[in-house]
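> below are the sequence and a predicted model for it; my questions follow.
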Amino acid sequence: MLKTYTTTTNVLLFTCVPLVLLLWVKFLWKRRWLYYYASKIDGPLSFPVIGSTHVLFQGNHGILQNIVQLIQKYKAPMKLWLGDKLVIVVSRPEDVEKILNNSLEKGLMYKFVIPVFGDGLFTRPVKEWKKHRKVISLTFNQHTLNSFVEIFVLYSNTFAKTLEEYVGHGCFDIFPVMSVSVLDIVCHTVMGTEVDAMKTDTKCTNWFFRASELCSIRLFNIFLHPNFIWKLTPFSKESDSVCAQFSSFVQKIINKKRSDRIGSDDDQRKKIFLDHLIQLTDEKGTWTDQELIDETKTLIVSGTDAITSTASFVLMMLGMHPEVQERVYKELCLVLEDAKTVTAEDLPKLVYLERVIKETLRLLPPATIIGRHLTEDVSLKEHVLPKGCTAMIPIISIHKDENVWPDPLKFDPDRFLPEEVVKRHPYSYMPFSAGPRNCIGNILVELERIGTTDVVSGFNYGMMAVKTMLVEILKSYKVTGTAFKSVSDIKLTFDISTKCLDGYQVKLAKRD
Ligand code: HEM
């Protein structure tokens, strides 16, 4: 009996071990160029299996801070091994320009956000992304955007009224309350559907913010990457539950839009995003139902999150810098004169407010880090980034490079005076990313690129919505403080879009 057992063990040992070794050598051989080019790039110590993830593991806030510190320590580019995945951090504006214009495929990690965002523009493989991007870009022309301003005003104004209950109670987190009103804005404008989120107290924003938080937990924990391990965790069950609730919310919007369309003629159906996509799906059959759902989810999450985050960060900055706030208020009074509400024509005149928003987006960009998967080798000045790696672009570090931004932590909106802007490399500032796969909310470049004559002014959806929201708030309130003394006090999480760890704390007083 013992003899049979020993023989079997020996056979297994002599066949399995060489087989595993052979497969391992084959795996390494196939990736030899990855290792060769990686060996020429500096980076933290890496171990088998875990790679260099040991330097990142420190909770969500720790990850972002660690990456920023590593970038300061190593000369760009810097390599990181996330398990067997090679990530190269690129931060010289010239290199970033080359990558963002030549590599349009999203980094491999983006697949983890699909349960929340759907497989829409944000994550879609390039071949299909091109088709989607072209169609969706055309639904955002300047005429349509201008017609949205009334809707921005409507919800921002109602939101501003609800803020009265927070006056005189010290600091409070403005993000969750504002996000519901921004959800109303995005659904009414982009989807053409009133969801009355503020009135019905929907939990929709909680669902997708929690779902994106769970994605980020998975992103940097390589042990949670394999599906069979992830499925064993309580995070997976929670993620499935919140994503299902969000999906059902989106499905209701689409169903409502479909039934509203019955009997209405083409003129009545304004050619906005959702109408156009439903037409392509139901009447022309060129889009599938799944594509329609995925793109709807993507626009709801990206739009709501980025607008709320930007407007909340600006209010925090104004709370820290009373002199800047006074200048913003004076400009606002001058532009609005006696008018009660802001119009599409007023928005471009609010030039100082725009500089304040831009400076806030420099210090606190909602997308702190973005990534591209390289399908070809990319030659930079001194290095080659091999095909198969992910190029990681740390927008947050690029925005604080002291060679480009003297005294980088100082909040100074005048860095965005036109004469200052021309002195800098265009890729040294990119809160909306850059190149062909930049933010869809930043459509000027896009429409020019795809060759339509309907060229819009530089005012994109995101900027217009943020400006309107801020005007409606600042008309009636003064931000008299925040829980933070300076930018360096603000702790950011590494989320799909970054969040303020301690909440977006502001204190408001009513203006006379
Ligand atoms: C207001 C401030 C905004 C900021 C700072 C911002 C920032 C960004 C950034 C940095 C990206 C690139 C992400 C990456 O490459 O991984 C992006 C992509 C995207 N954003 Fe925005 N965004 C904003 C507003 C909006 C709005 C209002 C919408 C929609 C209504 C939107 C929809 C999208 C979509 C769909 C993408 C994916 C684009 C593609 O891959 O083709 N964003 N955004």
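That came through, no problem.
> touching, residue 342 and residue 468? I think so.
Yes: shown here, residue 342 and residue 468 form a contact pair, counting by C-beta atoms under 8 Å, at 6.0 Å. From N, CA and C alone the C-beta is placed, and that goes for glycine too.
> need the overlap of contacts for these two.
Shared contacts of residue 342 and residue 468, defined by C-beta atoms under 8 Å, 6 or more residues apart in numbering, are found at 149, 153.
> who has more neighbours out of those two?
For residue 342 and residue 468, the more surrounded residue by other C-beta atoms under 10 Å is residue 468, and the numbers stand at 30 against 24.
> residues contacting the residue of the stretch 1-150 of the chain found nearest the ligand?
The ligand sits closest to residue 121 of the stretch 1-150 of the chain, with a gap of 3.9 Å, by C-beta to the nearest ligand atom. Residue 121 makes contacts with 129, 132, 133, 136, 295, 298, 440, as judged by C-beta under 8 Å, 6+ apart.
> likewise for residue 476?
Contacts of residue 476 (C-beta under 8 Å, 6+ apart): 160, 163, 510, 511.
> could you point out the helix or strand that follows the helix or strand harbouring the first one?
What that stands for is residue 160. Per DSSP states H and E, residue 160 falls inside helix 142-162. Using DSSP H and E, the helix or strand that follows helix 142-162 in sequence is strand 172-173.
> that next one pairs with which strands?
strand 505-510 (antiparallel) (DSSP bridges).
> list the buried ones in the strand it pairs with?
505, 506, 507, 508 (16 or more other C-beta atoms under 10 Å).
> where do the strands sit along the stretch 51-200 of the chain?
78-82, 85-89, 172-173 (DSSP state E, counting those that start in this stretch).
> with the stretch 351-500 of the chain instead?
Using DSSP E, counting those that start in this stretch, strands in the stretch 351-500 of the chain cover 370-373, 378-379, 384-385, 390-393, 477-482, 492-493, 499-500.
> tell me the helices and strands packed up against the last one.
What that stands for is strand 499-500. Under the contact criterion of 3 or more C-beta pairs under 8 Å, 6 or more residues apart in numbering; DSSP states H and E, strand 499-500 touches helix 289-320, strand 492-493.
> so what strands line up beside that strand?
strand 492-493 (antiparallel).
> wait, does the strand it pairs with contact the ligand?
No: on the criterion C-beta under 6 Å from any ligand atom, strand 492-493 is out of touch with the ligand, staying 14.0 Å away.
> ok, and what's touching that strand?
60, 61, 64, 213, 216, 364, 368, 396, 498, 499, 500, 501.
> give me the buried entries from the residues you listed.
Buried among these by 16+ other C-beta under 10 Å: 60, 61, 64, 213, 216, 364, 368, 396, 498, 499, 500.
> enumerate the residues of the chain near the ligand.
So far as C-beta under 6 Å from any ligand atom goes, the chain lies against the ligand at 121-122, 133, 190, 298-299, 302-303, 306-307, 310, 361, 366-367, 370, 431-433, 437, 439-441, 461-462, 466.
> state the distance from the nearest residue to residue 364 once chain neighbours are set aside to residue 499.
Setting aside the residues directly before and after it, residue 364 is nearest to residue 313 in space (C-beta to C-beta, 6 or more residues apart in numbering), at 4.5 Å. According to C-beta to C-beta, to the nearest Å, residue 313 and residue 499 sit 10 Å apart.
> re earlier: count of residues packed around the residue nearest to residue 364?
Residues near residue 313, counting by other C-beta under 10 Å: 24.
> same question, the one 5 residues further on
As a burial measure, residue 318 scores 25 neighbours (other C-beta under 10 Å).
> separation between it and the ligand?
The gap separating residue 318 from the ligand is 17 Å, by C-beta to the nearest ligand atom, to the nearest Å.
> list the contacts for that residue?
Residue 318 neighbours (C-beta under 8 Å, 6+ apart): 324, 325, 328, 356, 474, 479.
> buried ones among these?
324, 325, 328, 356, 474, 479.
> that's a strand at the second one, yeah?
No: judged by DSSP: H, G, I helix; E, B strand; the rest coil, residue 325 forms no part of a strand; its state is helix.
> you'd agree it is up against residue 481?
No: using C-beta under 8 Å, residue 325 makes no contact with residue 481, being 11.1 Å away.
> any stretches of the stretch 351-500 of the chain with poor pLDDT?
443-459 (pLDDT under 70).
> quick check, nearest of the buried ones among the contacts of residue 318 to residue 172?
residue 479 (11.6 Å; C-beta to C-beta).
> for the closest one, which residues make a bridge with it?
residue 508.
> which neighbours do residue 325 and residue 481 share?
In contact with both residue 325 and residue 481: residue 319, using C-beta under 8 Å, 6+ apart.
> in JSON lines: the strands of the stretch 51-200 of the chain, plus distance to residue 24.
Formatted as JSON lines, these follow (distance: least, C-beta to C-beta, whole Å):
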{"stretch": "strand 78-82", "distance to residue 24": "17"}
{"stretch": "strand 85-89", "distance to residue 24": "17"}
{"stretch": "strand 172-173", "distance to residue 24": "50"}
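> any chance of the ones you listed in a markdown table, plus mean pLDDT and mean neighbour count?
Output for these, formatted as a markdown table (pLDDT from 0 to 100; neighbours: other C-beta atoms under 10 Å):
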| stretch | mean pLDDT | mean neighbour count |
| --- | --- | --- |
| strand 78-82 | 91 | 23 |
| strand 85-89 | 93 | 23 |
| strand 172-173 | 96 | 18 |
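> which of the residues of the chain next to the ligand are buried?
121-122, 133, 190, 298-299, 302-303, 306-307, 310, 361, 366-367, 370, 431-433, 437, 439-441, 461-462, 466.
> can you pull out the low-pLDDT segments for the stretch 151-300 of the chain?
Ranges of the stretch 151-300 of the chain meeting pLDDT under 70: 201, 263-271.
> if you set the cut-off to 80 instead, what comes out?
Within the stretch 151-300 of the chain, the set of residues satisfying pLDDT under 80 comprises 200-202, 220, 261-272.
> where along it do the helices fall?
Residue ranges of the helices in the stretch 151-300 of the chain, as given by DSSP state H, counting those that start in this stretch, are 174-190, 197-200, 204-219, 227-230, 234-261, 273-278, 289-320.
> do the stretch 301-450 of the chain as well
Using DSSP H, counting those that start in this stretch, helices in the stretch 301-450 of the chain cover 322-336, 351-363, 395-398, 418-421, 443-449.
> format these as CSV; extra columns: distance to residue 82.
Shown next, in CSV, are the helices of the stretch 301-450 of the chain (distance: least, C-beta to C-beta, whole Å):
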stretch, distance to residue 82
helix 322-336, 40
helix 351-363, 27
helix 395-398, 18
helix 418-421, 35
helix 443-449, 31
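> coming back round to it: filter the contacts of residue 476 to the buried ones?
For the contacts of residue 476, buried by 16+ other C-beta under 10 Å: 160, 163.
> wait, isn't residue 373 in contact with residue 107?
Yes: counting by C-beta under 8 Å, residue 107 is a contact partner of residue 373 at 5.2 Å.
> and for the two, which residues touch both?
residue 390.
> thanks a lot, catch you later.
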